[in-house]
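[1] Predicted model follows, preceded by the sequence.
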Amino acid sequence: MSHFSNPALYTIGRPQDVIDIVNKNSAVHANIGVILIALGGILIDAYQAAMVGFGNKYIAAQFGISPGLAATVNASVLVAALIGGLLSNYVINRFGQRRAFLIGMTLCTLGAALVSVAPNIWWVLVCRVIMGFGLGIDFPLATNAVAELRGSASKKTGTSVNLWQMAWYVSTTVVYLVLLPLLFAGISEEQLWRYGIFIGSLFAVIIMILRYFFIGESAMWAARVGRYDDEACRILKKRYGVHARVEEQSTAQVSEKQENELRGGYRILFNSRYRKRTILGCVVATMQAWQYNAVGLYLPLTLAGILSGGLTGALAGSAVVNALCGISGGLIGSLILQRFGTRLQSMYGFAVVSLALVALGMLSTTNPWLSLGLLGAIIFFHSAGPGGLGMTIATLSYPPVIRPTGVGFARAIMRTGAIAGLIFWPMLWGALKTDAFYWLAIIPFLGFLTCVLIKWEPLSVNVDAEDAQVLAELEK
């Protein structure tokens, strides 16, 4: 039903008024295209992560270092992203959603463009850190923007937020579809990663432009800093089709509370109400990142050790597995989310991935097609299950005033799992080959146990109704 059919006039005089309006009304043009534009930073994150995972051994060879050290340098992007995620709430409070998006993507674009021409490993290190800060800032903004576009009262919110996992695999599939034409065009294997990373910086510029025009500013942020007349009312009318007027009272003091909100937000994540939510979201996010950065990120490396056909076969196989299993898994996982819920869907996904990894350790040397099928099953159930749900749980578990803080913290903790997978998997694979799958199976099993023990389901709770109470706690 169109929002314009409701002529009701709302009165706003405090941030909670705007939050209530937004949460009951999806944006007029919140279609799949706009949602993917909001999630655009995640597309860039996935693209650059997969591209660097592919180029790890070439980076090591070009700069005369071990693959393990090259992976450690590349993991610096995750350390920087961890810090960037913790700072994201400050950035959005200080600059607003629109400018915060520009800051994040500008850092990512600059870092990617410079790393593609790196003359030495130290240059790579600095550029990866710059990229990491940008990506860390961007992710909480992206999922928060999607939640605001859909409105938390809508059943479509969880589905829309979780689409970031499908978007991730669309982006990683693009990586291999970019690399294959470059390889066929005669670019040497050793230089492919440079060309691929530079092309990724061009994608980031496109995302920046699209976001600026299609996503815009946050109505909640405008209200929180006291911009009711000139901004909040205008955004509500343009984006949600809602007419609002400002109550006659002073709101100038609102913006003075931002520093207190920043300092108190992390403390509230671990109070008696939010502790279990925080632990569940962080563990699901971390365990899925660990398993993905081992199997998914190094998929060409793994396939090259199992299949014949050289680099072309490994890239083509990676594209097929990502397209058929990763994209479809992310889409199906989003569509069935309302039926199973975030916790159960994560639990089932972790269970299947654990079993598939054990089977892969036992059977990977018997038949390459069986191995390919098991890898595809891992990617599918990771994508349909916990792959996106750690961030979905974090996004939907907190009210707007601390949502960027909660998502930023979960994303920061998640990076530790990504770092572990990125650094240790090449070492483990080099030492144990297919027996490494047995050890990796421990990771999703720990995620499974956490989902069994912590019974929190954000889809059944209106967390945005808690915003006023949390704001009052922050003001104390």
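    Yep, it's here.
[2] now the stretch 1-150 of the chain, which segments are flagged as low pLDDT?
    1-8 (pLDDT under 70).
[3] How many neighbouring residues does P399 have?
    P399 has 23 neighbours, counted by other C-beta atoms under 10 Å. Just so you know, the C-beta spots here come from the backbone N, C-alpha and C atoms, and that holds for glycine as well.
[4] sorry, that was for M427
    M427 has 14 nearby residues by other C-beta under 10 Å.
[5] Quick check: phi and psi at it.
    Note on M427: its backbone torsions stand at phi -70, psi -40 [degrees, to the nearest 10].
[6] okay, now the residue nearest to it when sequence neighbours are not counted: neighbour count?
    The spatially closest residue to M427, leaving aside those adjacent along the chain, is G68, at 5.3 Å (C-beta to C-beta, 6 or more residues apart in numbering). By other C-beta under 10 Å, 15 other residues sit near G68.
[7] For G68, pull up the helix or strand it's in.
    Secondary structure assigned from DSSP states H and E places G68 in helix 67-74.
[8] So which bits of the next helix-or-strand element following that helix are buried?
    For helix 67-74, the following helix or strand on the C-terminal side (DSSP H and E) is helix 76-95. By 16 or more other C-beta atoms under 10 Å, the buried positions in helix 76-95 come out as 76-93.
[9] and helix 76-95, how far from the chain's centre?
    Centroid displacement of helix 76-95 relative to its chain, using C-alpha atoms, centre = their mean, to the nearest Å, is 13 Å.
[10] Which elements pack onto it?
    Counting contacts by 3 or more C-beta pairs under 8 Å, 6 or more residues apart in numbering; DSSP states H and E, helix 76-95 packs against helix 40-63, helix 97-115, helix 121-150, helix 219-224, helix 258-268, helix 403-432.
[11] The first one packs against which elements?
    It refers to helix 40-63. helix 67-74, helix 76-95, helix 97-115, helix 121-150, helix 156-184, helix 192-214, helix 299-306.
[12] Could you pull out the buried residues of the fifth one?
    Of the residues in helix 156-184, 157-176, 178-180, 182-183 count as buried by neighbour count, 16+ other C-beta under 10 Å.
[13] Next, the angle helix 192-214 makes with it.
    140 degrees (axes from the mean of the first three to the mean of the last three C-alpha atoms, to 10 degrees).
[14] and if you look at the second one?
    If you take the same axes, to 10 degrees, helix 76-95 sits at 10 degrees to helix 192-214.
[15] ok, now which ones touch I199?
    Each residue near I199 by C-beta atoms under 8 Å, 6 or more residues apart in numbering is listed here: V178.
[16] same thing with L331?
    Contacts of L331 (C-beta under 8 Å, 6+ apart): 163, 166.
[17] Next, work out how far apart it and L163 are.
    8 Å (C-beta to C-beta, to the nearest Å).
[18] I197 too?
    For I197 relative to L163 (C-beta to C-beta), the value is 25 Å.
[19] Check A410 too.
    Taking C-beta to C-beta, one finds A410 at 18 Å from L163.
[20] hang on, the residue nearest to M427 packs against W425?
    No: applying C-beta atoms under 8 Å, one finds G68 not in contact with W425, separated by 10.3 Å.
[21] Helices of the stretch 251-400 of the chain, residue ranges please.
    258-268, 275-295, 299-306, 310-321, 328-335, 337-340, 342-363, 368-384, 386-396 (DSSP state H, counting those that start in this stretch).
[22] what comes up buried for stretch 318-337?
    For stretch 318-337, by 16+ other C-beta under 10 Å, it's 318-319, 321-323, 325-331, 333-334, 337.
[23] Endpoint to endpoint, it covers what distance?
    The first and last residues of stretch 318-337 sit 26 Å apart, counting by C-alpha to C-alpha, to the nearest Å.
[24] swap in stretch 64-78?
    For stretch 64-78, the end-to-end distance is 23 Å (C-alpha to C-alpha).
[25] who touches that stretch?
    By C-beta under 8 Å, 6+ apart, stretch 64-78 touches 48-49, 52-53, 56-57, 59-60, 63, 121, 124-125, 128-129, 131-132, 135, 415, 418-419, 422-423, 426-427, 430.
[26] how about low-confidence regions in the stretch 351-476 of the chain?
    364-365, 476.
[27] Take the helices and strands packed on helix 40-63 and lay them out in TSV including distance to P404.
    Output for those, formatted as TSV (distance: least, C-beta to C-beta, whole Å):
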stretch	distance to P404
helix 67-74	27
helix 76-95	4
helix 97-115	9
helix 121-150	5
helix 156-184	13
helix 192-214	16
helix 299-306	32
